[in-house]
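Q: One predicted model, sequence on top.
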Amino acid sequence: MVLNVDRLQAGLGRDLQAFLPELILSGGIVLLLLLRLFKAFDRVHLGWVALILVLAALGVSWGQWEGSGLSGLLSPEEMAKANAAESDSTQQAMPLFSGLLVYDRLTLFIRLFLFAFTALVIWLTLTTGIPDTEDSGDFYCLLLGATLGMALMGSSNHLLMIFIGIEMASLPSYALAGYLKGRRQSSEAALKYVVYGGGAAGIMLYGISLLAGKFGTAYVPDLAVGLVSNLTPGHPFDPVVLLGLLFVLIGVAFKLAAVPFHFWCPDVFEGASAEVAGFLSVASKGAALALLARIGFVLAGLDTLALPPGGGMAMVKLLLPALAFFAALTATFGNLAAYVQTNLKRMLAYSTIAHAGYMMMGLTVLTREGLSAVLYYLIAYLFMNLGAFAVVAYIRQQIGSEDLRDYRGLVRRSPFLVVALSICLLSLLGIPPLVGFVAKFQIFAALYNGGQVYAAAGEGGLSALLYGLLVIGGLNTVFSAVYYVNVMRVMILEPNVEDIEGGEPKPLPEPVPAVTFSTLLALALLVLGIVVNPVANLSQTGAGRFGDRPMAAPVAQVQEGQR
Amino acid sequence: MNDLIWMSLVIFLPSIFALGLLFFPKGTERAMRWWSLLGTAATLGVSIGMFVLFKDNTLDRVGANQEGRVNRDMVSLQYRQGQIEFAAPPQAGADDPMFKAQKGDDWLATLPWIPRFNIHYFLGADGISMPLILLTTLISFLALIASWKIDKFVRGYCILFLLLETGMLGTFLALDFFLFYIFWEVMLLPMYFLIGIWGGPQRAYAAIKFFLYTLLGSVLILIALLAFYFTNVRDFVSTETVEAEARRLAREKDPVAWSKLTATEQQARAVEFRKDVVINTFNIITLQNVGLAALQKLHGEPVTITAVQAARTALEQAQKSGAASKIEEAKARLAHAEEVFKDASKRLESESFFTPGFQITMFLLLFVGFAIKVPVFPFHTWLPDAHVEAPTPISMILAGVLLKLGGYGILRIAYPICPWAGEQLAYWIALFGVINIVYGAFAAMAQDDFKKLVAYSSISHMGYVILGIAVWSSPERSQYWSWGINGAMFQMIAHGITSAGMFFLVGVIYDRAHHRRLDNFRGLYEPMPLYGGISAVIFFGAMGLPGMCGFVGEFMVVLSSWNFAPPGHPYVGRVFAVLAAATVVLTAAYILWTVQRVFFGTNPQYKNYSDIDPRELTAIVPLVVLCVLLGVLPNLLLSWMEPSVTGLIDTLASYKP
C-alpha cells in the first residue's frame, strides 16, 4: 500500500471518526494551553479539565468498542471487501489514513487501557497536589501529549508513525521526568532520559531508513513481506535487513525498558516524582507492548490484515528464541537487581522491568492466547503498579522520604496506606486471590499451551524453549517474593523508627482522598482477582483479530478467502 | 444446593467473622477475642452439623445397600455415580442440563466461576476430607483458646487467624484444582505474618524461610496444574458436555448459517464437529478419571470411558428396579453415550495422553510441592525454625493441620491423577517415608529445645503417613495398601491431635518458665500434678502406646509395609517395616527421656508454679479425650473413613503392575 492523496481524502471523514478519541485529546491539549491566557483560570487547577477531557476520550473509545468495532463506520460493501474472510466483528481490521494507522480491537483496547489509566493518574495527581495550580496547565498538557503519543504507538502500522508515536510519547515524558524543577535528582533523571531516549530514537530512525530504503516502503505489512522473504533460511543473507529490524526493535525495547536497554529506568523513576514514575511505568509499557505485538505478529504471519507469504513457522523460529531470551533476561535481571535496592521507587523500577519481562514472555509464545494473556496482564498491572506508586507518593507527602529505612514500623503510624501498599505488592508478587495471580497464571498458561502447540507442530526445540521459559517464570516468582516481602517485613514486622531513635511513635495523618484512592485500587485488585471473567473476555476480544497459532495460517487458503 | 450451602458456610464463616472484626472500636480487645472464639466455635459447630448430615444421610441412609454394608459407590469420590454430572462444560451456559442435575445430599456441589478457563467453584467432601475438616475446625477452636494471652495487635492476629482457617478448610473441600490452589496460597500470607509478628526472637528469619519454601512448592504445583489443564479430557466428560461443545464449535464456525438451520439440521451439523471437541478442565475428579484411563492403557487393559460406564451402571440399576420406562430411558442414554464416544477407545489408544514421562514429571512436581508441606526429609528444614519461632497456638495449627495438607494433597491429587507414576515410584516414596521416620526420631533425640524436639518428632510421625501412602505393590496385595492408606489417614488425625496437644503443653510451661531448654526443667510434676498427668497421656499417645491414638495408625502402616513388595525388591517392604517399627523404640526413648527430664525429681526453683488453669484445661481436655478414645475405639473414625479410602484403592489397585 502506498500513500495516496486521493485515497487519503476519500475515506477522510470515516478515518477521522475512528480517530475521534485522539482528536479529543489533541483539542484538549490546545485548550489547556489557551486557558492559561485567561486570568479567570489562573486560580483553577486544570487537572479537572484534563480529567474531563480524558474521560470524554475514554467514553468515545468505549462507545467504539461497544459499537462492535467497525460496523458503524463502514458501509456493508466496504466491510465485506475489507474483511471477506472474517464475519466476526472482533476480527476486523481497518487501515486508517491510508494505512498509517490501523483500527482494530487491539487499537481500541490500548486506547481504553491508556485513557482509563491516564484518568486514574490525573485523579492521583489531584489528591497529591503535584502539580500545584500554577503549573497545572503545563503538567497536564505534557501528560495528555504523552498519552496521545502512546495511543498512536498502539495503533501505528507504518514505520513513520511508529517513530512519530514513540517520539510523541517520549518528548513529554522527558519533561515530565524533570518536572520537580527544584530537585537536582529530578533534573538529572530528565537529562539521563533525554540522552538515552535520544540515542535510542537515533538508532531507531537509522533502522527505519535502512528498512525503508531496502524495501521501498515503510508500511509494516508490506515491509513484513520483504523481511520475511529476506530472513527465511535459504535466502541470501542481507545484513542490512537484519540490522534495520534490530534497530527498530531496539527503539521499542527502550520504551519497554527491556534488558539491556533498561539503564534509564531506575534512575528516571528514582528522580521523577512517584506520580510521573507510575504513569511512565504503566502507560509506556502498554503502548510499547502493543507495538511489539503488532510487529511480531505481522512477521509471524498472524495478522490477518497482511499475511506475508512464507511467514509463520520460518519467521517464528527466528523471533521466538530471540524474544524468549530477552524476556527471560529482563525478568530475571529485574528481579535480582531489585533485591539490593533501598529506595522504594528504585526497587519498584526494577520490579517494573521484571514485569516487562513477564509480559514479554506472553508475547514470546506468538499466539493469540499469548497476546490475550498479555493484555489481561496489562490491566492487572495498571491497578497494582499505579497503586504501589500512589501509596509511595502519599507516604512521601507524610514522611518526606522514599527510603526503605524510613518505612520501618510504618504500619503503626499509617495502617491504611501500609495495608494498601501490601496488597499491591502481593498482587505484583502474584498471590491469589489478587488479580496479579490471575494475570501471571494466564501468562504461564499461555507458555504451557504454546509449548504444547509447538510440540504438536513438530517443533520440539521451540516447545522446550517455552517450557524452559515457564520454569524461569516460576522461579522468578520465588525470587521476587524476597524483595516484595522484605518491604512488608520492614513496614510491618520491624519496630518504629521512633522506637529505635527513642521517641514516641506518632500516627501520620491519612488524608481521606489518599485513603480513598489507595483503598479503591486495592479493592479493585481483590475484586478483579475474584471476578475474572469480564476482564478476561475483554482481553480475549482485544487479541481476537490475530491468528491462534503460526502454523494455522496457511497463507494460500486465507488469500483465497479474501478474493 | 443444601450441601453447597453447608460446605461454603464452613469455608467462609471464619472470613465473615474476620470481616466483622474490622468494626470493633479500638480498645475492645476482650470483645474481639470473644468474637473470634465465637467464629471458630460456630465453624466447629457447622462442621459437626455437616458431619452428622454426611453420616446420617449419605452413609447410613442413602449409602447403605441391602446387605447393610456401606455402598461404596456413594461415598468415594472415585466411585461416585454422580461424578459424571460434574464434569461441567467449558463456556457453560446456565441452561446446561448438567447444572440442574445436582443431587441434594451427595456432598458435591458446583457453581461456574471463571467460564473463560472452565474454572468452577467445585466443592466436595468424602470420608477422606471429612475427618480432616473436623480436625481443622477443632484445632482452630482450641488454638484460639490458647491464643488468649496474645495481647499484641489482637485485631490483626484474630483476622489473620480466621483467614488462615478459611484457607485450610477451603483446601480440604475444593475439588477444582484451580480453587484448591487459590486456597492453598491463601494460607501462605496469614501464616507468614502470624509467625513474623507474634513469633519468637528469630521470627523474621523463620517466617521468610517458611514463605519461600512454601512458595517454591506452590510454583511446582502450579506447573503441574497447567499441564493437567491443557490435557484434552474430551473422552472423560459427560455426553452432554461433548454435545454442547460440538454445538458451540458448529455455531462459531459460521454463526449466520447456523441460525438459519432447523433444530434437527443443527444437531446433524454438530455431529460433524464432535471430533474437534477439545475440553480442558481443572476438575480433579475428571482428571482422576484420565489418570485411571492412562493406568489402564499403560497396563494394556481396555480403557474405561467414563460416560459410557456411567450410562451402563445406570442401566443396571434401572433393570434392578424393574420400571420399564426407566429401563427404556437408560437404554436410550447408553446408546447415545456409545454413539457420542464411539471413537473414544480408538482415539485413546492412538493418542498419547498422560505418557509415562509426563506422569513421572508431574507426579514429581506435585510430590515435591506437597512434600515441602509435609515435610519430607530433604525439604524439611523450614519446619523446626517455623515451629520454634511461632507462637504456641500457631505451632498447634502448623503441626495439627498444615502438615496434613501435604499428606492430603498427595492422597487426593498426586496419586489419583498420576497413579501409574505413583505405582512406579512406590519404592522411592516409601524409602523417603522411612528416612523421615528414622531421621526425625534421631534428630528429635538430639534436641535441647523442647519445641524443636516436638517439631522433629512431627517429621518422624509424618514419615508414617508417607510410608503408608506409598506401599502399593500389586493387585493381590491391594488390601495391604488399603491398610496403609487407612493407617496414613488415621496417623494424620492422631498426629494432629497429639502434636497440637504437645505444642500446647510446651506453651503452658513456656508461659511460666519463659524458656524451653529441656535440661533446665526438672521436677515439674511436683507443683503441677494435673499438668503432668495430662502431659503423660498426650506424650504417650504420640509415642504410640497401645490404647492411645498414635498406636493404631503406626501399627496399620507397619503392617502394610511388611507386605510391601515392589517388583525387583521382594524383601524391601520387610526392611522398611522393621525400620519403622524399630523407630518406635527411639520414639519411646526420646519421649520418656523428655518426660524424665521435665517432670521427675525435685526442683525448688519451680516450686511455686501454679498448676494448669481452667482456660488451659479447656484447650487440652478435648485432645486428651480424643487421644484415648480413638486409641480404644479406632472404629469411631475408621468405620466411616475406610469406605472412601477403599473406594480409592479398589479403583486404582485392580490393574496389574
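A: Nice, thanks for sending it over. Numbers count the residues shown, from 1 in each chain, chains lettered A, B, ... in the order given.

Q: Low-confidence bits of the stretch 401-550 of chain B, can you list those?
A: B:475 (pLDDT under 70).

Q: Point me to the residue of it nearest chain A.
A: Closest contact between the stretch 401-550 of chain B and chain A, by C-beta to the nearest C-beta, is at B:Leu405 (15.6 Å). The way it works is simple: take the backbone N, C-alpha and C, and place the C-beta from them, glycine included.

Q: next helix or strand past the helix or strand where that residue lies?
A: In the assignment (DSSP states H and E), B:Leu405 maps to helix B:403-409. Once helix B:403-409 ends, the next helix or strand along the chain (criterion: DSSP H and E) is helix B:415-417.

Q: and chain B, which residues reach chain A?
A: Residues of chain B lying close to chain A by C-beta under 8 Å from any C-beta of the partner chain are B:113-117, B:119, B:181-182, B:185-186, B:188-189, B:192-193, B:196-197, B:203-204, B:207-208, B:211-212, B:215-216, B:219-220, B:222-223, B:226-227, B:229-230, B:254-256.

Q: Could you pick out which of those are located in strands?
A: B:Trp113, B:Ile114, B:Ile119 (DSSP state E).

Q: Most neighbours of all these, which one?
A: Neighbour counts for these, by other C-beta atoms under 10 Å in any protein chain shown, peak at B:Ile119, which reaches 24 neighbours.

Q: Might you report the residue contacts of that one?
A: Contacts here follow C-beta atoms under 8 Å, 6 or more residues apart in numbering or on different chains; on that basis B:Ile119 touches A:Val532, B:Trp113, B:Asp176, B:Phe178, B:Leu179, B:Phe282.

Q: and what of B:Arg412?
A: Neighbours of B:Arg412 in contact, by C-beta under 8 Å, 6+ apart: B:Ile128, B:Ser129, B:Ile284.

Q: Which helix or which strand is home to the most centrally placed residue in chain A?
A: Nearest to the geometric centre of chain A sits A:Gly286, at 0.9 Å (C-alpha atoms, centre = their mean). For A:Gly286, the host element (DSSP H and E) is helix A:285-299.

Q: what packs against that helix?
A: helix A:105-128, helix A:136-155, helix A:159-177, helix A:220-231, helix A:239-256, helix A:313-338, helix A:344-364, helix A:368-399 (3 or more C-beta pairs under 8 Å, 6 or more residues apart in numbering or on different chains; DSSP states H and E).

Q: Just send the ones you listed back as JSON lines, with mean pLDDT and distance to B:Val621 too.
A: As requested, the helices and strands packed on helix A:285-299 are arranged in JSON lines below (pLDDT from 0 to 100; distance: least, C-beta to C-beta, whole Å):
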{"stretch": "helix A:105-128", "mean pLDDT": "92", "distance to B:Val621": "55"}
{"stretch": "helix A:136-155", "mean pLDDT": "92", "distance to B:Val621": "66"}
{"stretch": "helix A:159-177", "mean pLDDT": "92", "distance to B:Val621": "66"}
{"stretch": "helix A:220-231", "mean pLDDT": "80", "distance to B:Val621": "76"}
{"stretch": "helix A:239-256", "mean pLDDT": "89", "distance to B:Val621": "63"}
{"stretch": "helix A:313-338", "mean pLDDT": "89", "distance to B:Val621": "50"}
{"stretch": "helix A:344-364", "mean pLDDT": "93", "distance to B:Val621": "50"}
{"stretch": "helix A:368-399", "mean pLDDT": "92", "distance to B:Val621": "47"}
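
Q: Can I get the ones you listed in TSV including distance to A:Val419?
A: TSV is the format used below for these (distance: least, C-beta to C-beta, whole Å):
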stretch	distance to A:Val419
helix A:105-128	18
helix A:136-155	29
helix A:159-177	29
helix A:220-231	46
helix A:239-256	31
helix A:313-338	22
helix A:344-364	16
helix A:368-399	10
